[in-house]
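Novice: sequence? don't have it. structure:
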C-alpha cells in the first residue's frame, strides 16, 4: 500500500467550515465548505504542494453565479490573493519561476 502524501495547509486565512469568500463579505458563520485548489489543471499539484487553496461554500465553489469554477472574476480574485500571500514569504521572481504568470 502506498504511503499517503501529506500536503501543506492553506497559506491563506481559511479554515474548514468557514467560506473564504463569505468571510471577506462579512459572513463568518459556520457552514459546509469544500476545499478549492486555486490553480487547477497542470498547476493543481503546485496548488496542493504550496498551500494555494481555500475552503469555499458550494455557492462560491461550484453552484452559484459567483462560483470559482464558473466566474472568471472570482477565480482571478482568488488567484491574486494566493499570489499575494505566497509572495509575502517568497519573492516575485520565485513566483514567476514556479507559475509563469503574474496574477496581481
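Specialist: Okay, I see it. Being a predicted model, the structure only gives us computed values, none of them experimental. Residues are numbered from 1 along each chain as shown.

Novice: How about residue 31, nearest residue that isn't a chain neighbour?
Specialist: residue 57 (5.3 Å; C-beta to C-beta, 6 or more residues apart in numbering). Placement of C-beta: from N, CA and C, glycine included.

Novice: which ones are touching that neighbour?
Specialist: For residue 57, the contact set (C-beta atoms under 8 Å, 6 or more residues apart in numbering) comprises 19, 21-22, 31-34.

Novice: From the chain's centroid, how far away is the least confident helix or strand in the chain by mean pLDDT?
Specialist: When the helices and strands of the chain are scored by mean pLDDT, DSSP states H and E, helix 44-50 comes last with a mean of 91. Average the C-alpha atoms of helix 44-50, do the same for its chain, and the two points are 10 Å apart (C-alpha atoms, centre = their mean, to the nearest Å).

Novice: Can you tell me which helices and strands the helix or strand following that helix packs against?
Specialist: Next helix or strand after helix 44-50 toward the C-terminus (DSSP states H and E): strand 53-56. Judged by 3 or more C-beta pairs under 8 Å, 6 or more residues apart in numbering; DSSP states H and E, strand 53-56 is in contact with helix 20-24, strand 34-37.
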